[in-house]
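Participant: next one to model:
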Amino acid sequence: LGRLSIWGKGVFIFSLSVASLNKKDLRGAVSMELKKRLPFQLSLDSIVFDFFVTGQLREQKGLTLLQVTCIACDRAILEEQLQSLKEMGIRPVEINVIADCLGNLLPYCLPGPLAGKTIALLDMGANSSTLNFYKADALRFSREIPIGGDHLTHALARTIPSSSGPININAEEAEKIKRQ
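Facilitator: I've put the predicted structure just below:
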């Protein structure tokens, strides 16, 4: 048995506001909102999605809206990863996204109770970064940013301005400066 964490291209995380409805109708409302936000080349038939309610908002006209986090994944990408696990003899008991997995680790990384606190977590990779906001251990917002550590290193290596003119440094020196 194992757990599968999916991320990257083909995985989408959205924060949505939808009307307060029963569970069946809520799924339909989330799918309609999701359809508006997915890239045009993806249809609802080619993705799998799930969602969870993260809070409530009260609008001016007395309407209650639910704050929902929705996670959608391209069905082909998910099936490919599941097939790889199957070939290794592993059966996933849970499928999750990296942003939610990181949120599950917060109570172990931060001292004191997290209830009511909003925490921002930046996961910077070499080529992209993910910015996640959690409140009371729940993922509230997630965005993948196409800038990572390598971009910063290469930008530093180009030139560093100084009072005596620009200084050129190599990638190894730039990496040291970035980490300091």
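
Participant: in the protein, what secondary structure element scores lowest on mean pLDDT?
Facilitator: Scoring the helices and strands of the chain by mean pLDDT, DSSP states H and E places helix 98-109 at the bottom, with a mean of 73.

Participant: quick one: contacts for the closest residue to residue 50 other than its chain neighbours?
Facilitator: The shortest distance from residue 50 to any residue other than its chain neighbours is 5.8 Å, reached at residue 71 (Cβ to Cβ, 6 or more residues apart in numbering). Where C-beta positions appear, they are placed from N, C-alpha and C, glycine not excepted. The contact partners of residue 71, taken as Cβ atoms under 8 Å, 6 or more residues apart in numbering, are 11, 12, 13, 49, 50, 51, 97, 100.

Participant: okay, now the second one: neighbour count?
Facilitator: By that I understand residue 12. Residues lying near residue 12 (other Cβ atoms under 10 Å) number 20.

Participant: repeat that for the first one.
Facilitator: Applying the criterion other Cβ under 10 Å, we find 20 residues in the vicinity of residue 11.

Participant: buried sites along the lengthiest helix in the chain?
Facilitator: Longest helix in the chain by number of residues (criterion: DSSP state H): helix 23-37. Judged by neighbour count (16 or more other Cβ atoms under 10 Å), helix 23-37 contains these buried residues: 26, 29, 30, 33, 34.
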